[in-house]
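J.: the amino acid sequence is not available; the structure is as follows:
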């Protein structure tokens, strides 16, 4: 998928825009567009967002955008996102012993 | 990796906090923490961010956080992020014929 | 306050970092830091956040950061933020007649 | 302006959506919409964004949205944003003596 994204950008001459700084800005913008769908919903409404086909499509579409920019960002910087996550999980499983925290604020 | 994250949250009784709305807020916060590393850098400095071991570690760590929340968000809503991205790429390869746009603003 | 911020940045030779692009990235990062305080709270808990002196201080501090970057962004681009808001309110009072919307999503 | 925003929301029965958590999510979303305008621009292009009337209008409009949500957030929590900023500036003028930092990363 990273290769497909790289070919897609190269074929459109978009690589010139794809500095790490621009890609991370775009990632953050897309994450906010996903948040926008949920901003006025109650927690209960947010759990039912996939029941409506139109909002389900919108959510999937924004998930795709977030993932696309995350993969492109990782591609230009040579980061393996799954390896980064596995290393973080290794650390967190030691750092947070398996019992409920007081407020969950540090949830990874 | 999604299963490992789900087991990790369940073992710590964090599932109660993991509404889609909270997870997407956390995703957006982590994307901003990644952006924070780049906010004062020139485009050229941003391309060399992995050369310094400390900032390379910080970048990888934030990538892991973004991916962790994206996967957990997808898990609670039953979304397959790679399928969502493949569907979006199918649409974009038709929507944006392979030639450079005027400003690249719609780059996926 | 805009003049005080401008003098503060000039005295520290920080103006070189204060391109509109960098300032808006910083504004967005600070808004996310404010969001971070609320990300795992229920709506009810979020309404009581000022009752705890420590979190009240943290919220005020992040509000200050958001406002500081908003004012500095406006300063470098010559925008009057209160005039921009007044103009928007004039438009919105026409666009949204005073009755409750179906979902509030377009709330300004 | 805070009173005008409060009357506007009350007349539309939008107050029910305006929990601090929702308002800060909306603030963060609007800050990202402002960032979106700049995401693919070079630093130099970002400095000239007000020269084009259409993008100047778009920037002012998003500034208004950011300020509107910041003021509404402060209103529901009883925060005086200018007092919060003045207190922060008092602290920062002591914390950062007036000389250029190595990387400007802590710029307030």
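T.: That came in fine, so what should we check first? If you're wondering where the values come from, they're calculated on a predicted model, not measured in any experiment. Residues are numbered from 1 along each chain as shown, chains lettered A, B, ... in the order given.

J.: what about the strands in chain A?
T.: For chain A, none of the segments meets the definition of strands by DSSP state E.

J.: just the pLDDT at the residue nearest the centre of it, thanks.
T.: The structure's chain A has its C-alpha centroid closest to residue A:66; by C-alpha atoms, centre = their mean the separation is 4.4 Å. pLDDT, residue A:66: 98.

J.: equivalent analysis for residue A:104, please.
T.: Looking at residue A:104, its pLDDT is 50.

J.: same check, this time on residue A:98
T.: As predicted, residue A:98 sits at a pLDDT of 82.

J.: and it, how far from chain D?
T.: Residue A:98 sits 28 Å away from chain D, going by C-beta to the nearest C-beta, to the nearest Å. (Glycine included, C-beta is placed from N, CA and C.)

J.: excluding chain neighbours, what is closest to that residue?
T.: Among residues not flanking residue A:98 along the chain, residue B:11 sits closest, at 3.7 Å (C-beta to C-beta, 6 or more residues apart in numbering or on different chains).

J.: give me the packing partners of the helix or strand of chain A with the lowest mean pLDDT, helices and strands only.
T.: For chain A, the helix or strand with the lowest mean confidence is helix A:2-11, at a mean of 92 (criterion: mean pLDDT, DSSP states H and E). The helices and strands touching helix A:2-11, judged by 3 or more C-beta pairs under 8 Å, 6 or more residues apart in numbering or on different chains; DSSP states H and E, are helix A:53-77, helix B:81-95.

J.: quick one, what contacts the closest residue to chain D within chain A?
T.: Taking C-beta to the nearest C-beta as the measure, the point where chain A comes nearest chain D is residue A:32, at 3.5 Å. Residues in contact with residue A:32, defined by C-beta atoms under 8 Å, 6 or more residues apart in numbering or on different chains, are B:28, B:31, C:28, D:28-29, D:31-33.

J.: now residue A:81
T.: Residue A:81 is in contact with A:70-71, A:74, B:63-64, B:67, counting by C-beta under 8 Å, 6+ apart.

J.: nearest to residue A:89 among those?
T.: residue B:64 (7.9 Å; C-beta to C-beta).

J.: leaving aside the residues next to it on the chain, what's closest to that closest one?
T.: Nearest in space to residue B:64, with sequence neighbours left out and distances taken as C-beta to C-beta, 6+ apart, is residue A:88 at 3.7 Å.

J.: ok, now residue A:69?
T.: Nearest to residue A:69 is residue A:27, by C-beta to C-beta, 6+ apart, at 4.0 Å.

J.: can you pull the contacts of that neighbour?
T.: Remark: with contacts taken as C-beta under 8 Å, 6+ apart, residue A:27 is in contact with A:66, A:69-70, A:73, B:31, B:34-35, B:66.

J.: who wins for most neighbours among these?
T.: Highest neighbour count within these: residue B:31, with 35 neighbours (other C-beta atoms under 10 Å in any protein chain shown).
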